[in-house]
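Chemist: Build the 3D model from these lines:
(4 chains, ligands or ions: 2)
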Amino acid sequence: MTDVYVIGIGMTQFGKHPDRTAAGLGAEAVRGAIHDAEIDPRAIRTAYAGHVFQPMVTGQQVLGQVGLAGIPLANVENACSSGATAIRGSFLDILAGEADVSLAFGTEHLTGAFKGAFTPGEDDPEAAVGATMPAVYAMRARRYMEEFGLTREQLARISVKNKRNAALNPLAHFKKDITIDDVLMAKPIAEPFGLLDCSPVSDGAAAVLLASGDWVKRHGDPSRAVRLSASALRTGKVETAPGSMTFEELTRDTANDAYERAGVGPEDIDFAEVHDCFTIAEVLRIEGLGLWEQGTYPAAVERGEADIGGRLPVNPSGGLLGKGHPLAATGVAQVVELVKQLRGDAGSRQIEGAKVGIAHCRGGKTVGVEGAACTVQILTK
Amino acid sequence: MTDVYVIGIGMTQFGKHPDRTAAGLGAEAVRGAIHDAEIDPRAIRTAYAGHVFQPMVTGQQVLGQVGLAGIPLANVENACSSGATAIRGSFLDILAGEADVSLAFGTEHLTGAFKGAFTPGEDDPEAAVGATMPAVYAMRARRYMEEFGLTREQLARISVKNKRNAALNPLAHFKKDITIDDVLMAKPIAEPFGLLDCSPVSDGAAAVLLASGDWVKRHGDPSRAVRLSASALRTGKVETAPGSMTFEELTRDTANDAYERAGVGPEDIDFAEVHDCFTIAEVLRIEGLGLWEQGTYPAAVERGEADIGGRLPVNPSGGLLGKGHPLAATGVAQVVELVKQLRGDAGSRQIEGAKVGIAHCRGGKTVGVEGAACTVQILTK
Amino acid sequence: MTTRTPVSFRPHDLVVDDDGTGFLRGSRCPSCGAHYFPTREVCAGCLTEDLETIPLPTDGTLYTYTVVHRSTPAFEVPYVLGYVDLPGPVRVLGQIDADPEEVAIGMDVHLEIVPWGTNDEGTPLLGYRFAPGGDA
Amino acid sequence: MTTRTPVSFRPHDLVVDDDGTGFLRGSRCPSCGAHYFPTREVCAGCLTEDLETIPLPTDGTLYTYTVVHRSTPAFEVPYVLGYVDLPGPVRVLGQIDADPEEVAIGMDVHLEIVPWGTNDEGTPLLGYRFAPGGDA
Ligand SMILES: [Zn+2]
Ligand SMILES: [Zn+2]
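Modeler: Numbering: from 1, shown residues only, chains lettered A, B, ... in the order given. Ligands and ions are numbered 1, 2, ... in the order given. Sure thing, here's the model as predicted:
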């Protein structure tokens, strides 16, 4: 079996970029990854571009801008998992022998594409009676409170933790610490959530270059290459009976695919970047990944176990809540953070001695399926 | 090297479907492919969905409707090459060993998404001065007339041929023969094109099931399986100097990738389905694929060489001009036609003795690049 | 010229009788017994293709809820939104016609038919909500 | 309150001087000599990253053209549209300010600045067309 490595990473500032386009942001991230890898861009054999709300062939516009030409590129869309799906495309191309070096990126000019509460498609029968994405997650939070005694303050602590991490990340959308009171007093969105329980609408792009183990041996810098041990993707199941809204089978099943491929288990994971689109989401992801037992993560956050310096840091980059959430860039930016941490290049938010990191995305809503697409990626030093 | 086979095909009626959705059309095509292959759908390991103007996670909605669950699915978008890009995803998954059976489909409810002349994105600097897609192809036609003496009647004959073929295809959007005069007298769109030189706005979906050679030997029906010998994809190059608009280097280069992988050359091709979004497009594709010399195809059409029963039938399904053009369904529907012909199941439009067929798509516009994405697939009996 | 008789906002999902009462429609799989809302053509559990369309019970219990303060322009905020488990079992999302203070997980609720604006032609529409208490 | 001085419809691509004359801007690669319109940051030929922004010549020849009869609401039909090859060489799309019968492939054309509607704030815009004949 071919081994796959990340040999270059690039990322733009996340935030509001009123004067820029998705293609321009994407090109900046791709050029960053090429410079980071110190390769001739003509070595790149295939490419995948994640975008959700951008014009068609946005990926080709990015390649055009950076002068990459002729290679196969597919734009991929899997809602909030689009960026991770792009990485999986490059991962499989290397396994298939189609490419020894492949480029994956995600870009989103979300402020230009979209306003207001994020809702499912207009055909969605739940949207027709008033569902919004914050409302769906708020209902999961309310149920979790009932079942496991989660408190409003415990939820707020997740936002405080992630925005504190973001303040250490120069590329993050949010730049400053907040307090639990700030979260509790924020404008209500869908109870128990206020504005600071929700990830912001951000613009941004991120890119990674993957290469085969053989290529790294011949042309690369093995000391900087980080192994992508697994890149798993699953589609949510339509439920045949009402299930639990406080445990994510889809996250568990996708994680199990990844653990099996990587030959590791939850006990081997040193840190995690997970899809905290809302505060409760971080709880559901972490417990679905098997990193904490169901019902126990909120108290662990309270004890500081998920802090940088804690037992298992979660979202050291700031996560979606702090770093921002330009949809298709998110999954790629998670892998960028994992690589920085595993290289020891994470600066003031460096996790000491980290050897195995995990990244998780989940998104999209379809009838009877609460998560349309879920991705889990494992990187090892 | 693993061999890849098409083991099942499905396709909806192409045309106007005002009361349906892209997901519903997609589900019909997918169920058709499953029934055609006579397999338990749980054998399907991965899936790719092409869509261009449909809501996010349309592919997952299709899987949800047919009861397929848990498997990896990526929605792919490559403008008019989206469907073929989905097939390439499944093709590579089988090569990578990720799947022994994979599903690819494309679906588009285009009448619900889109009205008026098809134009590049609003950021496009050429759209800003009045470019439409018909206008760009019309300018290529005008130049071809100047260089090679193409006549207006020769162009019209391509539409007449393809609509005649469509009249033999029960799933085609257009149902009846037209005359050269009909084409010449049609409402002008962009000179020399009238309405009948342009493919229609259609709704529809198509699906194929691919399997590895090993799987076909163990579980399949080798007498019905048709080999997918190549599935090539390329991105257009940004031109460094004004190039010819009457010869498609991108089509030639993508075709050469496919010929090399399939181990055949243009001289081995028995029939072709090509991306005739406009009459001139069929000329440019066919000559780019190397099936006729540059400047010679229009006269060959006049002599009947591209008719069903001619030397090398082109667009026996009716092509985009006759069968219709639901963007992401188009590339999959081409492969559906190739399989029908190679199985000998094409009824009144059957090409006798066909052993090798080629399918070509091309679409999307980006700055300095006239075709953003091009695909070429070769199927052999 | 336009009819002023109110019609269901989603006629396939919500059936409203002449007396103003109504029920939701779902699917039941004759092979494995799974229930679905809205209706489906293929059972997600056993892949059976001949599901029955059935009226769903109108009484259920509240699985969870929220109070929505920010929504699309189609909805006036705030409103209570909740998932209701109906016997089948099947879970249905709907607005809850109650003050936020009255609402609690596990409470009994029943379906009620309510005015739901008008369509593009000006015809009044009927939708559904759930109200506290059993129907009987 | 709003300024009534007309401005370029795409200020980065089209520069208009106070006297109402103007020129298009493109890129030139100092390494390989390639020319581009619109401007680029990276040379597509040799991947050089420090391209020069240059004024493009205003005289060229018509490579091909069409008469557009159906377009978006932003444009009044019919209009002539054509690709013009400018010395560099570089190819630029523009409307051709001529009757369809006058237009022929290979003809000399020159850039002209023309009114191009108004922007959202009501400011008049200037765009470009090509007109038959050389500029001199
Ligand atoms: Zn069943
Ligand atoms: Zn150069």
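
Chemist: what's the lowest-mean-pLDDT helix or strand in chain C packed up against?
Modeler: In chain C, no helix or strand scores lower on mean pLDDT, DSSP states H and E than strand C:7-8, which sits at a mean of 94. Here strand C:7-8 touches strand C:14-16, strand C:124-132, going by 3 or more C-beta pairs under 8 Å, 6 or more residues apart in numbering or on different chains; DSSP states H and E. C-betas here are computed from N, CA, C, even on glycine.

Chemist: low-scoring stretches of the stretch 101-250 of chain A, by residue?
Modeler: Along the stretch 101-250 of chain A, segments meeting pLDDT under 70 span A:114-123.

Chemist: At which residues are the helices of it located?
Modeler: A:110-113, A:133-148, A:152-166, A:180-185, A:213-219, A:249-262 (DSSP state H, counting those that start in this stretch).

Chemist: in chain A, what residue sits furthest out from the centroid?
Modeler: Distance from the C-alpha centroid of chain A, by C-alpha atoms, centre = their mean, peaks at A:R218 (30.8 Å).

Chemist: what's the residue nearest to C:A104 when sequence neighbours are not counted in contact with, if anything?
Modeler: Of all residues not flanking C:A104 in the chain, C:L62 sits nearest, at 7.3 Å (C-beta to C-beta, 6 or more residues apart in numbering or on different chains). By C-beta atoms under 8 Å, 6 or more residues apart in numbering or on different chains, the residues touching C:L62 are C:82-85, C:96, C:103-107, C:109, C:130.

Chemist: starting at the chain centroid, how far to the host helix or strand of C:L62?
Modeler: Applying DSSP states H and E as the criterion places C:L62 in strand C:59-68. Its chain's C-alpha centre and that of strand C:59-68 lie 12 Å apart, by C-alpha atoms, centre = their mean, to the nearest Å.

Chemist: pLDDT (mean, whole number) over that strand?
Modeler: Per-residue pLDDT over strand C:59-68 has a mean of 98.

Chemist: Which residue ranges of chain C form strands?
Modeler: C:7-8, C:14-16, C:22-28, C:35-36, C:52-55, C:59-68, C:79-86, C:90-96, C:108-118, C:124-132 (DSSP state E).

Chemist: Then chain A?
Modeler: A:4-11, A:46-50, A:73-77, A:101-109, A:188-190, A:193-194, A:203-212, A:226-235, A:271-273, A:356-363, A:373-380.

Chemist: hmm, back to that, reformat the strands of chain C as a markdown table; add distance to ligand 2.
Modeler: Formatted as a markdown table, the strands of chain C follow (distance: least, C-beta to the ion, whole Å):
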| stretch | distance to ligand 2 |
| --- | --- |
| strand C:7-8 | 64 |
| strand C:14-16 | 64 |
| strand C:22-28 | 62 |
| strand C:35-36 | 60 |
| strand C:52-55 | 65 |
| strand C:59-68 | 55 |
| strand C:79-86 | 58 |
| strand C:90-96 | 57 |
| strand C:108-118 | 60 |
| strand C:124-132 | 62 |
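
Chemist: how about stretch A:218-228: buried residues?
Modeler: Buried residues in stretch A:218-228, counted by 16 or more other C-beta atoms under 10 Å in any protein chain shown: A:219-220, A:224-228.

Chemist: hang on, I meant stretch A:165-180
Modeler: A:165-169, A:171-174, A:178, A:180.

Chemist: tell me the two of these that are most distant?
Modeler: A:L171 and A:I180 (25.5 Å; C-beta to C-beta).

Chemist: quick one on the thing from earlier: out of the buried residues of stretch A:218-228, who's nearest chain B?
Modeler: Checking the buried residues of stretch A:218-228 against chain B by C-beta to the nearest C-beta gives A:L228 as the nearest, at 14.1 Å.

Chemist: so who does the closest residue to the closest one other than its chain neighbours touch?
Modeler: Nearest residue to A:L228, sequence neighbours excluded (C-beta to C-beta, 6+ apart): A:V4, at 4.7 Å. Neighbouring residues of A:V4 by C-beta under 8 Å, 6+ apart: A:91, A:94-95, A:210-213, A:227-228, A:231.

Chemist: hmm, 6 Å instead?
Modeler: A:91, A:94, A:210, A:228 (C-beta atoms under 6 Å, 6 or more residues apart in numbering or on different chains).

Chemist: For it, report the pLDDT, please.
Modeler: So A:V4 comes in at 98 (pLDDT).

Chemist: partner residues bridging it?
Modeler: Counting by DSSP bridges, A:V4 is bridged to A:S212.

Chemist: Likewise for C:L126?
Modeler: Using DSSP bridges, the beta-bridge partners of C:L126 come out as C:S8, C:P115.

Chemist: Repeat that for A:N75.
Modeler: Residues in beta-bridge contact with A:N75 (DSSP bridges): A:A49, B:E77.

Chemist: quick one: the residue in the stretch 51-200 of chain A positioned nearest to ligand 2 and B:T12, what's the gap?
Modeler: Residue nearest to ligand 2 within the stretch 51-200 of chain A: A:G67 (8.6 Å; C-beta to the ion). Using C-beta to C-beta, to the nearest Å, we find A:G67 at a distance of 41 Å from B:T12.

Chemist: what's the residue of the stretch 51-200 of chain A closest to ligand 2 in contact with, if anything?
Modeler: D:42, D:44, D:47.

Chemist: now chain C, which segments are flagged as low pLDDT?
Modeler: C:1-3, C:135-136.

Chemist: Around chain B, which positions in it sit nearby?
Modeler: C:42, C:44, C:47 (C-beta under 6 Å from any C-beta of the partner chain).

Chemist: Using CSV, lay out those together with distance to B:E337.
Modeler: Shown next, in CSV, are the residues of chain C next to chain B (distance: C-beta to C-beta, whole Å):
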residue, distance to B:E337
C:V42, 27
C:A44, 32
C:L47, 28
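
Chemist: Neighbour-wise, give me the winner out of the residues you listed.
Modeler: C:A44 (25 neighbours; other C-beta atoms under 10 Å in any protein chain shown).

Chemist: isn't that residue right up against A:G236?
Modeler: No. Applying C-beta atoms under 6 Å as the test, C:A44 and A:G236 come out as separate, 10.7 Å apart.

Chemist: any low-confidence regions in the stretch 251-381 of chain A?
Modeler: For the stretch 251-381 of chain A, the ranges with pLDDT under 70 are A:370.

Chemist: make it 90
Modeler: A:363-371 (pLDDT under 90).

Chemist: what residues does it put near chain B?
Modeler: A:364, A:366, A:369, A:372.

Chemist: mind putting the buried residues of stretch A:165-180 in CSV, distance to A:A190 included?
Modeler: Converted to CSV, the buried residues of stretch A:165-180 look like this (distance: C-beta to C-beta, whole Å):
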residue, distance to A:A190
A:N165, 25
A:A166, 23
A:A167, 26
A:L168, 29
A:N169, 27
A:L171, 29
A:A172, 24
A:H173, 21
A:F174, 21
A:I178, 19
A:I180, 19
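
Chemist: Thanks a lot, see you next time.
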